[in-house]
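Trainee: Make a model of this:
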Amino acid sequence: MLVFYLGMGVSALLIAATRNAWELAAALTVMGLFSSIYHPVGIPMLVRNAQRPGLAIGLNGLSGNLGGRCTAVATGFLVKYAGWRAAFVVPGLFAIACGFAFARLAPRDAAPPAHGARTPRSESAPALARIFAVMTIAAISSSLLFNFTTNGNGELLRERFAGIVADPALLGLLLAGVYVVASFAQVAVGLMIDRFPLKRLYLAIVALQAPLFVAASRASGWSLYLLQIAFMIVVFGAIPFTDAMIVRYVDDRMRSRVSGMRLAVSFGVSSAAVWLLGPVVKASGFATLLLLMAGISLVTLTAIALLPAVRRAPISSTVSPTQSSPAAD
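Mentor: Numbering: from 1, shown residues only. Down below sits the predicted model:
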């Protein structure tokens, strides 16, 4: 994690010092390499000793989504008043400061997680194979839905609000409101993950997606806006479950590796989703895209139904994995 913070900071400063396009491309690539550390290392570290890991995952997701949505505003102000280089210098210095703070505040690990004790698990090898298949399908489908919605919502809102709201600034404000409300869903879901069986809760969240996408495919104006808030709540609300499944089912010693593989799948699919978005909308319109997303959510729902229904307490780092609960997943 120290390599992540300091590497991000130094690479941002290098980007600000570049003199041509090739240097800029190389420096951005270096930043990408350092940024890839966070999720597979930071999230397992975040939940390792958390008494309420669901809440920790939810708060982490909220911070990431709100930070991402605020980036455009912050970058715009920095570029306008201090130039584009400042848009890398300021966050670069902030990342370095976070690295020093992390070095002082975070406890030291006695040994790498891979050298630690094995976490007791009751699942058989076939059950674990089924769980990993579900996690892979969930990673693919959630990445498709996240990128189709976050990259397409602006144009969807502009198209369906034609004749009602034309001011780009107001449309941007409305869209920001959608993401702010939806981002807090991750915290609410995180709290519920700590209290309720994972499979039932995941099924309930994903089961809401398809009806909302179908309804949105026919809506316009303010009814579309309300449906957009609703379907983004369940899209963002489904995000914590992939990490929650890793906490729930994967041995502590392998969480970073499994997280890394999951993210490789997610980011690979994300690039495909961004590439597909334009041609699909251009050829068939947003109604078809929303119906396609409804179909994707049904695939996810079918996969989640294959999770093993074991009798186990809700996710908690303070509860031994061998302890049982009256509630079945």
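Trainee: give me the number of residues near residue 29?
Mentor: 10 (other CB atoms under 10 Å). Placement of C-beta: from N, CA and C, glycine included.
Trainee: Can you report phi and psi for it?
Mentor: phi -60, psi -40 (degrees, to the nearest 10).
Trainee: do the same with residue 195
Mentor: phi -110, psi -30.
Trainee: Now for it, how many residues are close by?
Mentor: Neighbours of residue 195 (other CB under 10 Å): 14.
Trainee: That one and residue 55, how far apart?
Mentor: In this view, residue 195 and residue 55 are 10 Å apart by CB to CB, to the nearest Å.
Trainee: And the helix or strand hosting residue 149, what's buried?
Mentor: Using DSSP states H and E, residue 149 falls within helix 125-160. Neighbour counts using 16 or more other CB atoms under 10 Å place 130-132, 134-150, 152-153, 156-157, 160 of helix 125-160 among the buried residues.
Trainee: OK, contacts around the most centrally placed residue in the chain?
Mentor: In the chain, the centroid-proximal residue (CA atoms, centre = their mean) is residue 239; its distance is 5.2 Å. Residue 239 makes contacts with 61, 142, 146, 186, as judged by CB atoms under 8 Å, 6 or more residues apart in numbering.
Trainee: Reformat these as TSV; add pLDDT.
Mentor: Converted to TSV, the contacts of residue 239 look like this (pLDDT from 0 to 100):
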residue	pLDDT
61	79
142	84
146	86
186	85
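Trainee: which helices and strands does the helix holding residue 149 pack with?
Mentor: When contacts are defined as 3 or more CB pairs under 8 Å, 6 or more residues apart in numbering; DSSP states H and E, helix 125-160 packs onto helix 168-193, helix 221-237, helix 239-249, helix 255-284, helix 286-304.
Trainee: Ok, which of these comes nearest residue 65?
Mentor: With CB to CB as the criterion, residue 65 lies closest to helix 168-193 of those, at 4.1 Å.
Trainee: buried residues in that closest one?
Mentor: For helix 168-193, burial by neighbour count (16+ other CB under 10 Å) applies to 171, 174-175, 178-179, 182-187, 189-190, 192-193.
Trainee: ok, now stretch 25-38?
Mentor: For stretch 25-38, burial by neighbour count (16+ other CB under 10 Å) applies to 27, 30, 31, 34, 37, 38.
Trainee: Equivalent analysis for stretch 47-66, please.
Mentor: 47-48, 50, 52-62, 65.
Trainee: How many neighbouring residues does residue 295 have?
Mentor: Around residue 295 there are 12 residues (other CB under 10 Å).
Trainee: residues touching it, list them.
Mentor: Per CB under 8 Å, 6+ apart, neighbours of residue 295: residue 210.
Trainee: how does it look with 10 Å?
Mentor: Shown in contact with residue 295 (CB atoms under 10 Å, 6 or more residues apart in numbering): 141, 210, 213, 214.
Trainee: Equivalent analysis for residue 250, please.
Mentor: 44, 119, 121, 128, 131, 132, 135, 256, 257, 258, 259, 262.
Trainee: same question, residue 262
Mentor: Neighbour list for residue 262: 39-40, 132, 135-136, 138-140, 143, 242-243, 245-246, 250 [criterion: CB under 10 Å, 6+ apart].
Trainee: nearest to residue 13, of these?
Mentor: Nearest to residue 13 among the contacts of residue 262, counting by CB to CB, is residue 39 at 22.9 Å.
Trainee: since we're on the nearest residue to that closest one once chain neighbours are set aside, how many residues are nearby?
Mentor: Closest residue in space to residue 39, ignoring its immediate chain neighbours: residue 263 at 5.2 Å, by CB to CB, 6 or more residues apart in numbering. Counted by other CB under 10 Å, the residues lying close to residue 263 total 19.
Trainee: Tell me the spacing between residue 263 and residue 246.
Mentor: Residue 263 is 11 Å from residue 246, where distance means CB to CB.
Trainee: Next: residue 21.
Mentor: As for residue 21, its distance to residue 246 is 39 Å (criterion: CB to CB).
Trainee: Check residue 215 too.
Mentor: Distance, residue 215 to residue 246, using CB to CB: 32 Å.
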